[in-house]
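K.L.:
Sharing a model prediction with you, sequence too.
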Amino acid sequence: MNDQLTILKKEALTLLHKLISTPSFSKEEDATATILQTYLAEKGVTAQRYLNNVWAVNRYFDESKPSLLLNSHHDTVKPNKAYTLDPFSPIEKDDKLFGLGSNDAGGCLVSLIAVFLHYYNRNDLAYNVVLAATAEEEISGLNGIEKLVHELPAIACGIVGEPTLMQMAIAERGLLVLDVTATGKAGHAAREEGENALYKALSDIEWFRNHRFEKVSPLLGEVKMTVTVIDTENKAHNVVPSQCHFVVDTRVNELYTFEEVLSTIQSHVAGEVTPRSTRLRSTSIPMDHPLVKAGLALNRTYYGSPTTSDKALMPFPTLKMGPGDSARSHTADEYIHLGEIRDGIDLYIQLLNQLL
């Protein structure tokens, strides 16, 4: 068994080299999906493909058992201009593997694939094990896990592979982007005509700046609202604007629903408030969930994550946990420590052994 695990760890690194070498921007993951499906086939696994999502179940899948999902994504952001290395050339140096997507979330993905293969042929598991390598995570796209989940067996719980230094992200902020439009009346600036929509917007913006929601989460802190964009429909210097539009980036803790937050906002501001989407909701997994208890038994710490992931789109409890460091995600010359992958595979197995 140890020899098999050693082989799986080596293959995980080889697979990650292939993934880094193959561009896989969100919505353009066709080639990496093929790489993943081919690798699983070489290991004797019949992997299914739905759009650019690849998924599989353990050999002795039993519908009478609950199913546990192992999920991470194989899409990446585009490399930023500060790269000094070729983002598509995997380079190993000083126990680091450099390359786009190495840390977010290639290291997590290949580790979870190794873990899935470790359990694949076991016929004595308490849970089925389901693997899903998904697309469009970086853009919260419609054709990733949100669509794939309807193709999967019923899932009881899951692990979402994102770089957390193998600590447990048990809660995650929701993202609510709001478009707010203040309406006035156009007029000539020199004659002091009209009702200036920009001034009306300023009053609402001041409310967003100063309002504090009462419930503060011990994991995620308070609900945070930040005005990030403002514009009017006219560009002429001498016209009083009849409309002013601004955008509010709202990060919601797990103590409020989006509907509660929206109701409060709409009752306090004069402008018309329109949410762009209500898909990326805040989530949490109970402290007494078996996955969390297993992590605590391994001396894993827990925290609330300020970032949003595919965890927000899964209608079942999930633990966000994986090798790598979120602080390296989307940075130039992205890297992951090779030891983080090897240790991550071991820790995942130690955690899951307590359940499976």
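P.N.:
Structure received.

K.L.:
make it CA atoms for all contacts and neighbour counts henceforth
P.N.:
OK.

K.L.:
Just name the shakiest helix or strand of the chain by mean pLDDT.
P.N.:
One helix or strand of the chain scores below all others by mean pLDDT, DSSP states H and E: strand 187-188, with a mean of 85.

K.L.:
partners of that strand in the sheet?
P.N.:
Here strand 187-188 has these sheet partners by DSSP bridges: strand 239-240 (antiparallel).

K.L.:
Which elements pack onto the helix or strand just after the partner strand?
P.N.:
Moving toward the C-terminus from strand 239-240, the next helix or strand (DSSP states H and E) is strand 243-252. Packing contacts for strand 243-252, counted by 3 or more CA pairs under 8 Å, 6 or more residues apart in numbering; DSSP states H and E, involve strand 174-183, helix 197-210, strand 224-232.

K.L.:
Which secondary structure elements does the longest one sit against?
P.N.:
Translated: helix 197-210. strand 174-183, strand 224-232, strand 243-252.

K.L.:
now those in TSV, with distance to residue 139 and mean neighbour count?
P.N.:
Shown next, in TSV, are those (distance: least, CA to CA, whole Å; neighbours: other CA atoms under 10 Å):
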stretch	distance to residue 139	mean neighbour count
strand 174-183	13	22
strand 224-232	19	15
strand 243-252	16	22
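
K.L.:
Which one of those strands lies nearest to residue 73?
P.N.:
strand 174-183 (19.1 Å; CA to CA).

K.L.:
So what would you say the end-to-end distance of stretch 137-157 is?
P.N.:
19 Å (CA to CA, to the nearest Å).

K.L.:
quick one on the thing from earlier: would you format the helices and strands packed on helix 197-210 as JSON lines with mean pLDDT and distance to residue 114 included?
P.N.:
Below are the helices and strands packed on helix 197-210 laid out as JSON lines (pLDDT from 0 to 100; distance: least, CA to CA, whole Å):
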{"stretch": "strand 174-183", "mean pLDDT": "96", "distance to residue 114": "30"}
{"stretch": "strand 224-232", "mean pLDDT": "96", "distance to residue 114": "38"}
{"stretch": "strand 243-252", "mean pLDDT": "96", "distance to residue 114": "34"}
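
K.L.:
Adding distance to residue 168, write the helices and strands packed on strand 243-252 out as a markdown table.
P.N.:
Shown next, in a markdown table, are the helices and strands packed on strand 243-252 (distance: least, CA to CA, whole Å):
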| stretch | distance to residue 168 |
| --- | --- |
| strand 174-183 | 17 |
| helix 197-210 | 32 |
| strand 224-232 | 22 |
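
K.L.:
how about the ones you listed, which one is nearest residue 28?
P.N.:
Among those, strand 174-183 sits nearest to residue 28 (CA to CA), with 24.3 Å.

K.L.:
Residue 103 is nearest to which of the helices and strands packed on strand 243-252?
P.N.:
Proximity to residue 103, assessed across the helices and strands packed on strand 243-252 by CA to CA, is greatest for strand 174-183 (22.7 Å).

K.L.:
Please save the CA atoms from the closest one in CSV.
P.N.:
C-alpha atoms of strand 174-183 as CSV (Å, rounded to 0.1, in the frame of the first residue of the first chain):
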residue,chain,number,x,y,z
GLY,A,174,-21.0,35.2,0.1
LEU,A,175,-20.7,37.7,-2.7
LEU,A,176,-23.5,40.0,-3.6
VAL,A,177,-22.8,42.6,-6.3
LEU,A,178,-25.3,45.4,-6.4
ASP,A,179,-26.1,48.0,-9.1
VAL,A,180,-27.7,51.1,-7.6
THR,A,181,-29.3,53.8,-9.8
ALA,A,182,-30.2,57.2,-8.4
THR,A,183,-32.6,59.2,-10.6
